[in-house]
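*Asks:* Here's my sequence, what's the structure:
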Amino acid sequence: MSTKKPAKSWKLKMEKPSEPEIVKLPPNMPAAWGKGTMVIVTPKIIDALVNTVPQGKLITIGAMRKKFAHDYETDTTCPLTTGIFLRIVAEAAEENRREGKNNITPYWRVVRDTGEMIDKFPGGIEAHAEKLKEEDLAILVTGRKGNKLVVADLEAHLQPL
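*Replies:* Next comes the predicted model:
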């Protein structure tokens, strides 16, 4: 008999009470992260933003991070936790779907800055692309091995933040 505790549901991870945190960037951080201060947002904050994106429109992870940095008056937003929390939002949305809820967070309307699908979303890049195709967005197959899926004409679909 296993003594391993069951994993927390994604919805519980999403609902975990927390506040955004502003931290000073340590000097040993990658140069691309910048200098100064960084905000670490919460899954609920990401969820709220993603819920503002209408059907047929998209936002990029980079645009989200810029918006949060602006909103919290910091130099940057933590890229690591933003990615982790975006996955929590996506997985929680799919838990809600499995429970029969219809009005779920449209996480599939978030793409990488290049327009590529996000492999960490439920079902991987193929499922991500299918959800966007259902909203009449065209998807291109790219990459040397034909292993990347990218939104066609990304700029035309971007939602201003």
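*Asks:* Could you pull out the strands in the protein for me?
*Replies:* 21-24, 37-40, 59-60, 76-77, 110-111, 139-142, 148-151 (DSSP state E).
*Asks:* among those, which is the most enclosed?
*Replies:* Stretch with highest mean neighbour count among these: strand 110-111 (a mean of 24; mean count of other Cβ atoms under 10 Å). Every C-beta, even on glycine, is put in place using the N, C-alpha and C of the backbone.
*Asks:* what does that strand rub up against?
*Replies:* Identification of contacts with strand 110-111 by Cβ atoms under 8 Å, 6 or more residues apart in numbering yields Val50, Val53, Leu58, Ile59, Thr60, Ile61, Met64, Leu86, Met117, Ile118, Val151, Leu154.
*Asks:* what's the answer for stretch 29-43, then?
*Replies:* Stretch 29-43 has contacts (Cβ under 8 Å, 6+ apart) with 13-14, 16, 18-25, 68-69, 71-72, 74-79, 81-82, 85, 88-89, 92.
*Asks:* Which ones among those map onto helices?
*Replies:* Lys13, Met14, Phe68, Ala69, Asp71, Pro79, Thr81, Thr82, Phe85, Ile88, Val89, Ala92 (DSSP state H).
*Asks:* I only care about those residues that end up buried; give me the PyMOL line for that.
*Replies:* Buried residues among the ones in helices among the contacts of stretch 29-43 (16 or more other Cβ atoms under 10 Å), as a PyMOL selection:
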select buried, resi 13+14+68+69+81+82+85+88+89+92
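*Asks:* Tell me, what's the model's pLDDT at Leu58?
*Replies:* As predicted, Leu58 sits at a pLDDT of 98.
*Asks:* Poorly predicted segments of the protein, please.
*Replies:* Low-confidence segments of the chain (pLDDT under 70): 1-6.
*Asks:* coming back round to it: rebuild the contacts of strand 110-111 as TSV, extending it with distance to Arg97.
*Replies:* Shown next, in TSV, are the contacts of strand 110-111 (distance: Cβ to Cβ, whole Å):
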residue	distance to Arg97
Val50	15
Val53	17
Leu58	20
Ile59	21
Thr60	24
Ile61	22
Met64	22
Leu86	17
Met117	18
Ile118	17
Val151	22
Leu154	26
